[in-house]
Each structure stands twice: as C-alpha cells, then as structure tokens.
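Trainee: When you get a sec, could you give me coordinates for this:
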Amino acid sequence: MSLPTVSLILNLCVAFGICGLLYWLQNKHFSFTKRVFAGLGLGILLGAVFQMIYGVGSPIITSSNAYLDVVGTGYVKLLQMVVIPLILVSIISAILKLKDVSSLGKISGLTIGTLLGTTIIAALVGLLMAKLFGLTTLGLNYSSAEFARGQYLEGTLASAKAITLPSMLLSFIPENPFLDMTGARKTSTIAVVIFAILIGIAATGIAEKKAEIFKSFGHFIEVAQAIVMRLVTIILRLTPYGVFALMTQVVAKSNKNDIFNLINFVLASYSAILVMFAVHMLIVAACGLNPKRYLQKIFPVLAFAFTSRTSVGAIPMSVQIQQQRLGTPEGIANFAASFGSAMGQNGCAGIYPAMLAFMIAPSVGIDPLSFSFIASLVGIIAIGSIGVAGVGGGATFAALIVLSSLNLPVALAGLLISIEPLIDMGRTALNVSGSILAGTVTSRVLGTTEMTIFNQTETELIENHSID
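Mentor: Residues are numbered from 1 along each chain as shown. Below is the predicted model of the structure:
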C-alpha cells in the first residue's frame, strides 16, 4: 500500500473519530449550540493540522477533502432539498391562520424595509472601513488566476448591465412555479414565496362559501407541514458534522500567503462585518430584547452560514431557530428567511460592493468620498441588492451590478479572487443575521413575539424541542 493511500486512510480515520466524538456529545445531551461550536473548532484544528503536515495544494489534502465533501456538501444539499417544500407549506399555513389577510402587507413592508435599511447602513460602514484601512488597488499585482478572473468578470458585464429594477421585479413573478420549485432561476426562492402567498390568499377566499373544502385543504397543509418540519429537524441534527467537514476543508486548502498579501482587505472586511453585527445587536436591544441571549440563540445558524457560504441553504435552520428559540411566528420567520436569502444582504450586497467601489474609484479619477459618489453608490447598492442570489458567488454578482452602474472597471475586482472564499464566509453569516433580524424586528413591531420562548434557557429548549 502506497504512502499517499496510507495517509488518506489515516486522515479519514481521524475525521471519522471526530464525528464519533460529536455523536457522543449528542448522546450526552450537550446543547445544540455547544455541539455546533465543537464541530467548528475541531474543523479549524484538523484543517490546520492537514496544512502543517502536508502543505497547501497537497494531493493528499485534495483527496481527503473529496471525502469530507460527502459530509459537508452533502449536508448543504440536504438543507437545500427541503428549502422549497418548507417555504411552500409554511407560508400557506401561516396565511390560512391569519385572521386579517391585509396584515401580509405590513409583514412584507417591515421585512423588506429592514433588509434594505440595514444594507444601506452596511454600505456606509463598508465605505468607512475602506477609508480607515486606506484600501486601494494601487500596488496590487495580477497573477494568472486573478487576470483570468478579471477577464471573466468583464465577459459577464453585459448580462449585469442588462438587469434593471423593472426586469428584476418582473423576474419575481412565477411564470412557471414548478420550474421555480427546482431553483432554476436566481429569483426562484422569491417566486415560490409569491406563489405560496397567492395560494394562501385564494384558499382563504373560499373559507366561507366552501367551508368543507377549505377545511380539507387546511388539514392537508397541516399534515404536509408537520412532515416537512420533522424532516427539517432530522436534517438539522447533522449540523455539527456538516460544520466540522466544511470548516476542515476551508482551512486545509486556504493559502496563508495569499491571505497575508491582501491582509489589509481581509482586516477591513471583517472589521466592517463585526461593526454591522454590533449594529444588529443595537437594533435588537432597541426592540427590547437581550442582545447576548439573542446572539446565543442564533449562533448555530451563523456557524453554518459561515462554513457553508450559502444563505439559501440556511433557510430551514433560520426558520426553525426563529420559531423555536426567538419566538417569531412561522409566517414572519419564513418571510424573513426567504426574502433575506435573495435581497438586502448586508455582507454580499452592502459591505463588499461599497469597499470595491471605494478601492477602484480613484483609478478612474473619482473621489470616493464626494457626496455625489456616496449618494449614487448607496442608492445603487439598495436597488442592486434586490435579487442577489443567496449562494456562493452572489457577492460577485452584486459587485458587477454596482461597479457597472457607476462605470467603474470591473476587471480590478479579480485581484481579490485568492481571498474571496475567506471573506465570503463572514459576509454570508452577516447576510443570515440580517434576515433573522428582519424577522425579529417585524415580529416585535407587530407585537407577535412569544417572549416566553425567547426567554427560555438552553435546558428548557432541549426539553421542549427535538432539534437537540
């Protein structure tokens, strides 16, 4: 047996042993949050050990990551599998239970308003951090990969320029809801939300005239929701294992030299992300909730978003945590998680395009601190954040829209390709935090938050819900 094969087997045995440890923690009834945190920490540790022993780009690391990918990406795919059924049955169920269907307008307005409002704040924070860290494209050199990335961005510029607000809004309308249920379009999630809303409204319209049919339909949706939520719970129990595998892969293949070369941008990005997390907590406090308790309750979904880099995949966990830990009603939780995965993303559509615009503007003779530039930038970011895909690559799409709208050279964005995954992890966690915040704000403003649920301790959560 060759040395590489032996090394691969040893790596997989260690990974399997760590999964066994996580299973032991589950059997010993350690809280869900602690198990997720353990998976995150052990993933960082194992990835660092792999790098230290084999070196970056080693074929052994590549082979080990391929097997870990079965656990990590497999877990993400399971979550993505349940997203559409969850959105469909949960939103229909919530509308059927509404006494006043007109409250849908308030829920939608508050949710979208919070998402876009915090994205505008995120853009301003991104500009501030770019200024404080003195970010610029001057002195940065292209490698072959970065040059290729720049060429690719220029090639996709035409499609980004073709997108207008009217065309984006039109894409939300589900021309073929069954096609959108396959996730075929960037705006499929929103289209399914709208389809579910229309089905719910249509069903409530026959509640009086055809009471028996309405009752039967309501029972069907109730049964479907119970089954889907049980499926969500089963999948979410795999979270610690998924987070461990994903984190191990990320750390094992990260090139520390690339990170050090662009460390200023990395530090500026994460400083902006941390400031926006602080803004979120201030808004939570303004809503009359304990920020520390709130952060503890949403940590598992933030850890998943950080390692997986997918806002859409985080929807099932986000919905369940909002309902079972924050006391947000299911309808509002689904609205916030669904809309937040495709618009108003604080990290990908707010901070990132703003920082890129600040860096690139001087290269074409524009003062990035002029009022006219900032006003234009913030307005474009707010509009451009509508319809951003909630998967890896959504930030690049948002940046293309913003840079092309400001007539800035998009190829320079290719300079950051080497650190893109590292920054995207923090951005995605912030995106998901923003969507949960939108649900929390909406629920508090409408007075529908179950404070008894929000105030529950970890022990009470374990006793009352099966996710742990």
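
Trainee: count of neighbours near Leu25?
Mentor: Neighbour count for Leu25, taken as other Cβ atoms under 10 Å: 16. Just so you know, the C-beta spots here come from the backbone N, C-alpha and C atoms, and that holds for glycine as well.

Trainee: So for the closest residue to it other than its chain neighbours, what's the pLDDT?
Mentor: Excluding its sequence neighbours, the residue lying closest to Leu25 (Cβ to Cβ, 6 or more residues apart in numbering) is Arg35, at 5.1 Å. At Arg35, the model reports a pLDDT of 89.

Trainee: Arg35: what's it in contact with?
Mentor: By Cβ atoms under 8 Å, 6 or more residues apart in numbering, the contact list for Arg35 reads 22, 25-26, 239-240.

Trainee: Of these, grab the buried ones for ChimeraX.
Mentor: Buried members of these, defined by 16 or more other Cβ atoms under 10 Å, are picked up in ChimeraX with:
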select :22,25,239,240
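
Trainee: Out of the contacts of Arg35, name the ones that lie in helices.
Mentor: Applying DSSP state H to those, the entries found in helices are 22, 25-26, 239-240.

Trainee: coming back round to it: and the contacts of Arg35, which is closest to Met247?
Mentor: Among the contacts of Arg35, Pro240 lies closest to Met247 (Cβ to Cβ), at 10.7 Å.

Trainee: pretty sure that closest one contacts Val36?
Mentor: Yes: counting by Cβ atoms under 8 Å, Val36 is a contact partner of Pro240 at 5.3 Å.

Trainee: And the pLDDT for Lys161?
Mentor: 54.

Trainee: got it, and the one 4 residues further on?
Mentor: Leu165 is assigned 62 on the pLDDT scale.

Trainee: Find the centremost residue of this structure, please.
Mentor: Geometric centre of the chain, nearest residue: Ser311, 2.4 Å, by Cα atoms, centre = their mean.

Trainee: Can you add pLDDT and give the ones in helices among the contacts of Arg35 back as JSON lines?
Mentor: Below are those laid out as JSON lines (pLDDT from 0 to 100):
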{"residue": "Leu22", "pLDDT": "93"}
{"residue": "Leu25", "pLDDT": "91"}
{"residue": "Gln26", "pLDDT": "89"}
{"residue": "Thr239", "pLDDT": "88"}
{"residue": "Pro240", "pLDDT": "91"}
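
Trainee: Farthest pair within those residues?
Mentor: Leu25 and Thr239 (12.3 Å).

Trainee: ok, the nearest residue to Glu450 once chain neighbours are set aside - contacts?
Mentor: Excluding its sequence neighbours, the residue lying closest to Glu450 (Cβ to Cβ, 6+ apart) is Gly327, at 3.4 Å. Counting by Cβ under 8 Å, 6+ apart, Gly327 makes contact with 443, 449-454.

Trainee: In three-state terms, label Gly327 for me.
Mentor: Assigned with DSSP: H, G, I helix; E, B strand; the rest coil, Gly327 falls in the coil class.

Trainee: lowest confidence element among the helices and strands of this structure?
Mentor: None of the helices or strands of the chain scores lower by mean pLDDT, DSSP states H and E than helix 144-155, at a mean of 50.

Trainee: After the one helix or strand Leu179 maps to, which helix or strand is next?
Mentor: Element membership for Leu179 (DSSP states H and E) is helix 177-180. Per DSSP H and E, the first helix or strand lying C-terminal to helix 177-180 is helix 188-204.

Trainee: Export that following helix to CSV, keeping only CA atoms.
Mentor: Taking C-alpha atoms only, helix 188-204 is exported to CSV below (Å, rounded to 0.1, in the frame of the first residue of the first chain):
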residue,chain,number,x,y,z
SER,A,188,-36.7,31.2,-7.7
THR,A,189,-37.0,31.5,-3.9
ILE,A,190,-38.9,34.8,-4.1
ALA,A,191,-41.1,33.4,-6.9
VAL,A,192,-42.0,30.4,-4.7
VAL,A,193,-42.8,32.8,-1.8
ILE,A,194,-45.2,34.8,-4.1
PHE,A,195,-46.8,31.6,-5.4
ALA,A,196,-47.4,30.4,-1.8
ILE,A,197,-48.9,33.7,-0.9
LEU,A,198,-51.3,33.6,-3.8
ILE,A,199,-52.3,30.0,-3.0
GLY,A,200,-52.9,31.0,0.6
ILE,A,201,-55.0,34.1,-0.3
ALA,A,202,-57.0,32.0,-2.8
ALA,A,203,-57.7,29.4,-0.2
THR,A,204,-58.9,32.0,2.4
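
Trainee: Which elements pack onto it?
Mentor: Secondary-structure packing of helix 188-204 (3 or more Cβ pairs under 8 Å, 6 or more residues apart in numbering; DSSP states H and E): helix 59-97, helix 177-180, helix 211-236, helix 330-340.

Trainee: Would you mind pulling up the elements that the host helix or strand of Val243 packs against?
Mentor: Element membership of Val243, judged by DSSP H and E, is helix 239-253. Counting contacts by 3+ Cβ pairs under 8 Å, 6+ apart, helix 239-253 is packed against helix 3-27, helix 32-54, helix 59-97, helix 291-308, helix 420-445.

Trainee: Which one of these lies nearest to Ile121?
Mentor: helix 420-445 (10.0 Å).

Trainee: which parts of the helix or strand following that closest one are buried?
Mentor: Downstream of helix 420-445, the first helix or strand assigned by DSSP H and E is helix 451-454. Using 16+ other Cβ under 10 Å as the test for burial, helix 451-454 gives 453-454.

Trainee: Identify all contacting residues around helix 451-454.
Mentor: Under the contact criterion Cβ under 8 Å, 6+ apart, helix 451-454 has outside partners 289, 293-294, 297, 324-327.

Trainee: which two in these are spaced the farthest apart?
Mentor: Pairwise distances among those were taken by Cβ to Cβ; the largest, 15.8 Å, belongs to Leu289 and Gln324.

Trainee: which residues of this protein score low on pLDDT?
Mentor: Within the chain, the stretches with pLDDT under 70 are 1, 98-102, 138-165, 168, 257-261, 387-394, 397, 410-418, 458-468.

Trainee: gap between Gln322 and Val441?
Mentor: To Val441, Gln322 is 12 Å away according to Cβ to Cβ, to the nearest Å.

Trainee: When these two are compared, which one has more neighbours?
Mentor: The neighbour count for Gln322 versus Val441, taken as other Cβ under 10 Å, is higher for Gln322 (28 against 25).

Trainee: Contact partners for that one?
Mentor: Counted by Cβ under 8 Å, 6+ apart, Gln322 has contacts 328, 332-333, 336-337, 436, 439-440.

Trainee: Understood, closing this out.
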